[in-house]
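Participant: Mind folding the following:
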Amino acid sequence: METTNTEIALRMVEAGLGVSIVPLPPGGGTVTRGRRIGRRSLEGLIRPIHSGILVRRGEALSPPAEAFKRFLTPR
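Facilitator: Reported below is the predicted structural model:
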């Protein structure tokens, strides 16, 4: 199954409905802390997920959106 967020996947695994591959923050413990779920890192086994910024072509961004884009864009 595919879910729209990590929380749903965690609940499904905790309920015994299977296993799940989810993004883990560094350390990974914050995702599973306090749950009846084990975790195993897949570091080096699958390609990393690369993220990007999507903007509508030709449209000016609002000042807050432009500031956010500048914050995220490498200098």
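Participant: can you list contacts of the helix or strand harbouring Lys69?
Facilitator: Assigned by DSSP states H and E, Lys69 belongs to helix 63-72. Helix 63-72 is contacted by residues 53, 55, 61 when judged by C-beta atoms under 8 Å, 6 or more residues apart in numbering. Backbone N, C-alpha and C define where each C-beta goes, glycine included.
Participant: can you pull the buried residues of it?
Facilitator: Within helix 63-72, no residue counts as buried by 16 or more other C-beta atoms under 10 Å.
Participant: Okay, the spatially most central residue of the chain and Met1: tell me how far apart.
Facilitator: Closest to where the C-alpha atoms of the chain average out (C-alpha atoms, centre = their mean) is Pro23, at 4.9 Å. Per C-beta to C-beta, to the nearest Å, Pro23 is found 17 Å from Met1.
Participant: Low-confidence ranges, this protein, go.
Facilitator: Applying pLDDT under 70 to the chain picks out residues 27-28.
Participant: Walking through it, point out its helices one by one.
Facilitator: With helices called from DSSP state H, the chain shows them at 6-14, 29-32, 63-72.
Participant: who wins for proximity to Gly44 among these?
Facilitator: helix 29-32 (19.0 Å; C-beta to C-beta).
Participant: Just the CA atoms of the closest one, as PDB, please.
Facilitator: As requested, the backbone C-alpha atoms of helix 29-32 are provided in PDB (Å, rounded to 0.1, in the frame of the first residue of the first chain):
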ATOM      1  CA  GLY A  29      14.900   7.500  16.600                       C
ATOM      2  CA  THR A  30      12.400  10.400  16.700                       C
ATOM      3  CA  VAL A  31      10.200   8.600  14.100                       C
ATOM      4  CA  THR A  32       9.900   5.400  16.100                       C
END
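Participant: Distance-wise, check the residue located most distally from the centre of the chain relative to Ala9.
Facilitator: Seen from the C-alpha centroid of the chain, the residue lying at the greatest distance (C-alpha atoms, centre = their mean) is Gly58, 28.4 Å away. Distance from Gly58 to Ala9, counting by C-beta to C-beta: 37 Å.
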